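Peer 1: Here is a sequence with its predicted model. Questions after.
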Amino acid sequence: MNIATLLRAEDIALDLSAANKQAAIEAASELLCPGEDACRKAVLQALLAREQLGSTGLGRGVALPHARSNTLAAPRIALMRLEQSVDFGAADGDPVDLVLAVIWPAEAMDDFLGTLSKFCKMLREPRLLQGLRDVATPEEASALLRLTAEQTAGPDKARA
(Lines give C-alpha, C1' and ligand atoms only; values in the text may rest on other atoms or scores of the structure.)
Protein backbone atom coordinates (compact mmCIF):
# COMPACT_ATOMS: atom_id res chain seq x y z
CA MET A 1 0.00 0.00 0.00
CA ASN A 2 1.37 3.39 -0.96
CA ILE A 3 1.53 5.36 2.26
CA ALA A 4 2.28 8.57 0.43
CA THR A 5 -1.21 8.54 -1.11
CA LEU A 6 -3.15 7.41 1.97
CA LEU A 7 -3.08 10.92 3.42
CA ARG A 8 -4.92 13.52 1.37
CA ALA A 9 -4.86 17.27 2.04
CA GLU A 10 -8.46 17.10 3.30
CA ASP A 11 -7.30 14.62 5.97
CA ILE A 12 -4.94 17.21 7.46
CA ALA A 13 -5.82 19.83 10.08
CA LEU A 14 -3.31 22.52 10.98
CA ASP A 15 -3.31 24.48 14.24
CA LEU A 16 -6.16 22.48 15.69
CA SER A 17 -7.25 23.31 19.22
CA ALA A 18 -7.27 20.35 21.64
CA ALA A 19 -7.15 20.76 25.41
CA ASN A 20 -5.75 17.29 26.13
CA LYS A 21 -5.05 13.83 24.71
CA GLN A 22 -8.73 12.83 24.84
CA ALA A 23 -9.73 15.93 22.87
CA ALA A 24 -6.95 15.30 20.33
CA ILE A 25 -8.13 11.71 19.78
CA GLU A 26 -11.74 12.92 19.47
CA ALA A 27 -10.62 15.43 16.83
CA ALA A 28 -8.72 12.68 15.02
CA SER A 29 -11.85 10.50 14.90
CA GLU A 30 -13.77 13.41 13.37
CA LEU A 31 -11.09 13.88 10.71
CA LEU A 32 -11.02 10.15 10.00
CA CYS A 33 -14.82 9.95 9.62
CA PRO A 34 -16.12 13.36 8.52
CA GLY A 35 -19.91 13.49 8.61
CA GLU A 36 -20.15 9.81 9.56
CA ASP A 37 -21.40 9.68 13.14
CA ALA A 38 -21.45 5.89 13.55
CA CYS A 39 -17.97 5.60 12.04
CA ARG A 40 -16.66 8.43 14.21
CA LYS A 41 -17.96 6.80 17.39
CA ALA A 42 -16.54 3.38 16.48
CA VAL A 43 -13.17 4.85 15.52
CA LEU A 44 -13.03 6.93 18.70
CA GLN A 45 -13.78 3.85 20.79
CA ALA A 46 -11.09 1.83 18.96
CA LEU A 47 -8.45 4.55 19.30
CA LEU A 48 -9.19 5.08 23.00
CA ALA A 49 -9.12 1.33 23.66
CA ARG A 50 -5.70 1.11 21.99
CA GLU A 51 -4.45 4.09 23.98
CA GLN A 52 -5.48 2.29 27.20
CA LEU A 53 -2.96 -0.44 26.33
CA GLY A 54 -0.12 2.09 26.31
CA SER A 55 0.67 5.56 25.09
CA THR A 56 1.05 6.06 21.37
CA GLY A 57 3.28 9.06 22.04
CA LEU A 58 6.47 8.33 20.09
CA GLY A 59 8.56 11.17 21.49
CA ARG A 60 9.86 14.38 19.91
CA GLY A 61 6.36 15.86 20.13
CA VAL A 62 4.76 13.16 17.95
CA ALA A 63 1.92 10.70 18.60
CA LEU A 64 0.72 7.88 16.36
CA PRO A 65 -2.68 6.77 17.69
CA HIS A 66 -3.73 3.70 15.73
CA ALA A 67 -6.28 0.91 15.85
CA ARG A 68 -8.18 -1.58 13.77
CA SER A 69 -11.96 -1.38 13.39
CA ASN A 70 -14.77 -3.42 11.83
CA THR A 71 -16.38 -0.14 10.75
CA LEU A 72 -14.13 0.55 7.77
CA ALA A 73 -13.65 -1.12 4.42
CA ALA A 74 -10.41 0.78 3.71
CA PRO A 75 -7.63 2.35 5.79
CA ARG A 76 -7.91 5.99 6.80
CA ILE A 77 -5.22 8.32 8.04
CA ALA A 78 -5.38 11.84 9.47
CA LEU A 79 -2.67 14.31 10.44
CA MET A 80 -3.15 17.07 12.97
CA ARG A 81 -0.81 19.84 14.01
CA LEU A 82 -2.05 21.06 17.37
CA GLU A 83 -2.19 24.71 18.27
CA GLN A 84 -0.90 23.87 21.76
CA SER A 85 1.05 20.75 22.71
CA VAL A 86 -0.75 18.21 24.91
CA ASP A 87 0.54 15.46 27.20
CA PHE A 88 0.31 12.06 25.50
CA GLY A 89 2.37 10.21 28.09
CA ALA A 90 5.31 9.81 25.70
CA ALA A 91 8.38 8.06 27.12
CA ASP A 92 10.53 11.17 26.61
CA GLY A 93 8.00 13.28 28.54
CA ASP A 94 7.66 15.80 25.72
CA PRO A 95 4.15 17.06 25.00
CA VAL A 96 2.72 16.30 21.55
CA ASP A 97 1.93 18.81 18.83
CA LEU A 98 1.90 16.43 15.83
CA VAL A 99 -0.67 13.61 15.72
CA LEU A 100 -0.82 11.07 12.91
CA ALA A 101 -3.90 8.88 13.44
CA VAL A 102 -4.28 5.57 11.62
CA ILE A 103 -7.40 3.39 11.54
CA TRP A 104 -7.37 0.11 9.63
CA PRO A 105 -10.07 -2.43 8.72
CA ALA A 106 -10.01 -5.21 11.32
CA GLU A 107 -10.01 -7.99 8.73
CA ALA A 108 -7.23 -6.45 6.64
CA MET A 109 -4.04 -7.25 8.49
CA ASP A 110 -2.11 -6.99 5.23
CA ASP A 111 0.03 -3.87 5.29
CA PHE A 112 -1.15 -2.67 8.73
CA LEU A 113 2.05 -3.31 10.68
CA GLY A 114 4.22 -2.45 7.69
CA THR A 115 2.46 0.87 7.26
CA LEU A 116 2.82 1.69 10.97
CA SER A 117 6.50 0.81 10.73
CA LYS A 118 6.96 3.11 7.73
CA PHE A 119 5.21 5.96 9.53
CA CYS A 120 7.38 5.42 12.62
CA LYS A 121 10.48 5.58 10.42
CA MET A 122 9.27 8.73 8.68
CA LEU A 123 8.33 10.39 11.98
CA ARG A 124 11.93 10.04 13.20
CA GLU A 125 13.12 12.33 10.39
CA PRO A 126 13.96 15.72 11.97
CA ARG A 127 13.43 17.55 8.66
CA LEU A 128 9.92 16.12 8.31
CA LEU A 129 8.97 17.05 11.86
CA GLN A 130 10.26 20.61 11.49
CA GLY A 131 8.63 20.88 8.09
CA LEU A 132 5.25 19.75 9.45
CA ARG A 133 5.57 22.34 12.20
CA ASP A 134 6.34 25.06 9.63
CA VAL A 135 3.97 24.35 6.72
CA ALA A 136 1.25 26.86 5.97
CA THR A 137 -1.27 24.60 4.21
CA PRO A 138 -2.50 21.00 4.28
CA GLU A 139 -1.33 20.66 0.68
CA GLU A 140 2.23 21.54 1.75
CA ALA A 141 2.04 18.98 4.56
CA SER A 142 0.80 16.29 2.17
CA ALA A 143 3.57 17.05 -0.33
CA LEU A 144 6.19 16.96 2.44
CA LEU A 145 4.95 13.57 3.63
CA ARG A 146 4.99 12.22 0.08
CA LEU A 147 8.56 13.42 -0.44
CA THR A 148 9.71 11.98 2.89
CA ALA A 149 8.07 8.63 2.11
CA GLU A 150 9.98 8.47 -1.16
CA GLN A 151 13.27 9.47 0.46
CA THR A 152 13.03 7.07 3.41
CA ALA A 153 11.92 4.10 1.30
CA GLY A 154 13.60 4.75 -2.02
CA PRO A 155 11.92 5.97 -5.21
CA ASP A 156 9.93 2.81 -5.94
CA LYS A 157 9.53 1.59 -2.38
CA ALA A 158 7.28 4.20 -0.75
CA ARG A 159 4.98 1.30 0.08
CA ALA A 160 4.32 -0.40 3.36
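Peer 2: Everything's here; your move.
Peer 1: Just list the residues touching the residue positioned nearest the centre of the chain, thanks.
Peer 2: Nearest to the geometric centre of the chain sits Leu100, at 1.5 Å (CA atoms, centre = their mean). Contact partners of Leu100, counting by CB atoms under 8 Å, 6 or more residues apart in numbering, are 62-64, 77-80, 119, 123. No exception for glycine: its C-beta is placed from N, CA and C like everyone else's.
Peer 1: go on, Gln130?
Peer 2: Contacts of Gln130 (CB under 8 Å, 6+ apart): none.
Peer 1: where does the residue nearest to the centre of the chain fall, helix, sheet strand or coil?
Peer 2: strand (DSSP: H, G, I helix; E, B strand; the rest coil).
Peer 1: Check the one 3 residues further on too.
Peer 2: Using three-state DSSP, the structure places Ile103 in strand.
Peer 1: which ones among the contacts of Leu100 are found in helices?
Peer 2: Phe119 (DSSP state H).
Peer 1: Considering the contacts of Leu100, which possesses the most neighbours?
Peer 2: Top of these by neighbour number is Ala63, holding 29 neighbours under the definition other CB atoms under 10 Å.
Peer 1: Now do that one against Ala101, distance only.
Peer 2: 8 Å (CB to CB, to the nearest Å).
Peer 1: hang on, Glu26 in a strand?
Peer 2: No: with three-state DSSP as the criterion, Glu26 is helix rather than part of a strand.
Peer 1: residues contacting it?
Peer 2: By CB under 8 Å, 6+ apart, the contact set of Glu26 is 18, 44.
Peer 1: Where does the prediction get shaky in the protein?
Peer 2: 1-5, 154-160 (pLDDT under 70).
Peer 1: what pairs with the residue nearest to the centre of the chain across the strands?
Peer 2: Under DSSP bridges, the beta-bridge partners of Leu100 are Leu79.
Peer 1: For Gln22, see how far away it is.
Peer 2: Distance of Leu100 to Gln22, given as CB to CB: 17 Å.
Peer 1: Equivalent analysis for Asp111, please.
Peer 2: 29 Å.
Peer 1: Those two: which is more packed in?
Peer 2: Using other CB under 10 Å as the criterion, Asp111 and Gln22 rank with Asp111 on top: 17 against 13.
Peer 1: Pull up the gap between the more buried one and Pro75, please.
Peer 2: Distance of Asp111 to Pro75, given as CB to CB: 8 Å.
Peer 1: Please enumerate the helices of this structure.
Peer 2: Under the criterion DSSP H, helices of the chain are mapped to 3-6, 21-32, 37-53, 112-122, 126-134, 138-153.
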